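Undergrad: coords please:
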Amino acid sequence: MTAMVPRRDALRLAALTAVTPPALALATPAGTAQAAADTAAPLRNDLPVPGSWIVKPFANDQVTLSTSLFTANRDRILNFLRAYPADRMLANFRANAGLDTLGAQPPGGWDDATGNLRGHYSGHFLSALALAYAGSGDAFYKDKVDYMVTALGQCQAALAARVGRPGGPSHPGFLAAYPETQFILLEQYTTYPTIWAPYYTCHMIMRGLLDAYQHAGNQQALDIVLKMGDWVHSRLGHLPRAQLDRMWGIYIAGEYNGMNAVMADLHALTGKPEYLTTAKCFDNTTLLAATVRNEDTLNRKHANQHIPQFIGYLSIYERNQERHYYNAAVNFWDMVVPYRIFTDGGLAGPTDNGELFGARGVIVGTLGTNNAETCCNYNMLKLSRALFFHTANPKYMQYYERALYGQILASRRNTDSTTNPLLTYFIPMRPGAARSYGNLGTCCGGTGLESHTKFQDSIYFRSVDDSTLYVNLYLASELNWAEKGFVIKQSTNYPADPAGVTTLTVTGNGRLVVKLRVPYWVEKGFTVLVNGAAQQLDARPGEYVTLDRQWRSGDTIRITMPFSLRVEKALDAPTTQSIAYGPVPMVVKSNETTFRQFSFYRDFTLSGDLARAVTSTGPMSFTANGLPLVPLHINNTDRYHAYFRRVEPTIVFGRIDSGVPNRARPDAVTFLDAVWRNAPFASQAQFVSTVTRIADEWIAAGLMTTAQKNTVVSTATQARLPS
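TA: Next up, the predicted model:
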């Protein structure tokens, strides 16, 4: 086992390397140019949805995005995908196959001419192109997909011609940007950095080809990836379990990303039992067994090495209904959320290596400059999405919103470039940290390409019987549900509009159940009007509300969910806190590198609104203690604080200090927390009554004396807080 050196740092030392659901119900992308359509083979539409699903997605081409913060980032990535030469992404493959590279140089980074991960970024690039085509209908991206697939097919054929020759591959399905040596060395237990995750790289190539098939209709891509699947089976299918277990236990060298998911998807497409057998070859049996038993052993495990494994276990379950795979995925997710999650949905890891899982429940103890690897969010979103298909449990979409509107939206710099993706590797959480952007050729630079070209893929879902529409995300978009004869247009400035208004306009006629997600952060109400008439709904934060009616063209659903500022406490140190505004994590801009200290309750009015304790400077910006408080997604290189220290040692009302200690219960709720949880107060009398009641509770808990209670109640009476 090698020393745990982060992969990004290893690159620096060397200079002195959707779950996509099984390919089901594939649809020809809308807006396909005739020339492109002529080259696309018919897609498979006859495979059943997994029997354990109760919810299913729409195809990416059925949902188009309207102008928003998300399309601004998407368009920057689309421009990069359009401009960056495909031949550079193919250079290493052609060189390995002995073909003319056409004078192109590889991208660099981990995809340089000698890197042990070369080829992985090309897979991400191919996936992003296919997703860009599905989302835009622009044949330019389809043509670029087809060009890359044709070239990869030529490379695979050239390598196949060398089977049986010295230095040639072992099987005609082999396709990589380097020789088969890395795979052989892994079977001999060679460690990182001598080899770098060969099956990780293989996965990205195979996933790129599957995406080219699913989202861009390229039949040759399916032919190539099936041959690759045959090659993977030829390498692993005969190996003993003990050898496989040892291979997958090697730090980074044994990282295989979602190979089990890819092989399960090939089984879904073909029914070939060898593919499912090979998917199970990737079982990481020790961790799998522990997670099935709900034993949390994640501390200091390489996070992005393991998250995709559980996506794959869920994919295997969808093929064979072996329940332990499903249980493992469910338990694993619950070990991560909320116990290893920052306020922006990013993953918490130890300060010495932010690519690892931290200890359960430790948040403040992990705050560093290399926190929240972006790849981890990409994969956690895929896992959350996939688990929702099985359960319709809103907690998965609540996390999805947190991470998408937090980490992912914040991961692309707000400036244009056609030569660099300008994506983050980490989004640091240490006080006074700053983001860096770039990552051409790295893992996060690859997953970032995909994340920003598929924002539409989880806005809407449907029940498996097509009777119900789930509105999961509030994001300007249009759903074309041709099978049901409905078009649903969502008009909103969310999350840039703190009024929190979104309007769904229906075109089409017929009965349909519509489920609207009530965000977890709602504090000021969630109101729904249908054609202007208020609906009597039990709107509970973190749940869905249901509208069941006969819809007619022109019907509207208007949702209002006003943003409020709220504080979120860190699990391990409740006085270390963060601020969010509706779904948007906020940060304080400051060059200081120590925790800033804030006190808010002294400025509260009877409304109990945190916004009254800071100064508004615009629709989504404030100042707190004279410092700018802005959304995390404002992406530049300024230093910021995502967390601060809450300092309220004594009970203060309206700046009148009682001098009585603001003691906390064992659950870290302070006296002032308990009082202000009851806001808003209709009158000063109600406020004083609440203070009196909470004081009695604190006396009963041994946290306050009777004399201190009298002082606190007197202070509350004198404060005369405004409404």
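
Undergrad: all helices of the stretch 251-400 of the chain, in order?
TA: With DSSP state H, counting those that start in this stretch, the ranges of helices along the stretch 251-400 of the chain come out as 259-270, 273-281, 285-292, 303-320, 323-336, 374-391, 394-403.

Undergrad: what angle do the shortest one and helix 323-336 make?
TA: Which is helix 285-292. Using axes from the mean of the first three to the mean of the last three Cα atoms, to 10 degrees, one finds that helix 285-292 and helix 323-336 are set 80 degrees apart in direction.

Undergrad: mind putting the helices of the stretch 251-400 of the chain into JSON lines with distance to residue 448?
TA: Any C-beta I mention is one placed from the backbone N, CA and C, and that applies to glycine too. As requested, the helices of the stretch 251-400 of the chain are arranged in JSON lines below (distance: least, Cβ to Cβ, whole Å):
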{"stretch": "helix 259-270", "distance to residue 448": "20"}
{"stretch": "helix 273-281", "distance to residue 448": "27"}
{"stretch": "helix 285-292", "distance to residue 448": "27"}
{"stretch": "helix 303-320", "distance to residue 448": "13"}
{"stretch": "helix 323-336", "distance to residue 448": "20"}
{"stretch": "helix 374-391", "distance to residue 448": "6"}
{"stretch": "helix 394-403", "distance to residue 448": "13"}
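
Undergrad: adding mean pLDDT, write these out as a markdown table.
TA: Rendered in a markdown table, the data for the helices of the stretch 251-400 of the chain read as follows (pLDDT from 0 to 100):
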| stretch | mean pLDDT |
| --- | --- |
| helix 259-270 | 97 |
| helix 273-281 | 98 |
| helix 285-292 | 98 |
| helix 303-320 | 97 |
| helix 323-336 | 98 |
| helix 374-391 | 98 |
| helix 394-403 | 98 |
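
Undergrad: those: which one's closest to residue 360?
TA: Distance to residue 360, taken as Cβ to Cβ, is lowest for helix 323-336 among those, at 7.0 Å.

Undergrad: that closest one: which residues count as buried?
TA: Of the residues in helix 323-336, those with enough neighbours to count as buried (16 or more other Cβ atoms under 10 Å) are 325-333, 335-336.

Undergrad: same question, stretch 159-169
TA: For stretch 159-169, the buried set under the neighbour-count rule, 16+ other Cβ under 10 Å, comprises 159-160, 169.

Undergrad: report the longest helix in the chain, please.
TA: For the chain, the helix with the greatest residue count under DSSP state H is helix 139-160.

Undergrad: that helix: which residues count as buried?
TA: 139-146, 148-153, 155-156, 158-160.

Undergrad: and it, how far from the chain's centre?
TA: A distance of 29 Å separates the centroid of the chain from that of helix 139-160, by Cα atoms, centre = their mean, to the nearest Å.

Undergrad: what helices or strands is it leaning on?
TA: helix 34-39, helix 69-83, helix 86-96, helix 120-136, helix 198-216, helix 219-236 (3 or more Cβ pairs under 8 Å, 6 or more residues apart in numbering; DSSP states H and E).

Undergrad: what's the local residue count around residue 97?
TA: 23 (other Cβ atoms under 10 Å).

Undergrad: please name the residues that touch residue 659.
TA: If a contact means Cβ atoms under 8 Å, 6 or more residues apart in numbering, then residue 659 has 650, 711 as its contacts.

Undergrad: what does stretch 283-295 contact?
TA: Looking at what lies outside stretch 283-295 - Cβ under 8 Å, 6+ apart - the contacts are 241, 244-245, 248-249, 260, 297, 301, 306, 309-310, 313, 324, 327-328, 331-332, 335.

Undergrad: residue ranges in the stretch 501-650 of the chain under the pLDDT threshold?
TA: Low-confidence segments of the stretch 501-650 of the chain (pLDDT under 70): none present.

Undergrad: can you map out the helices along it?
TA: Here the stretch 501-650 of the chain has no helices by DSSP H, counting those that start in this stretch.
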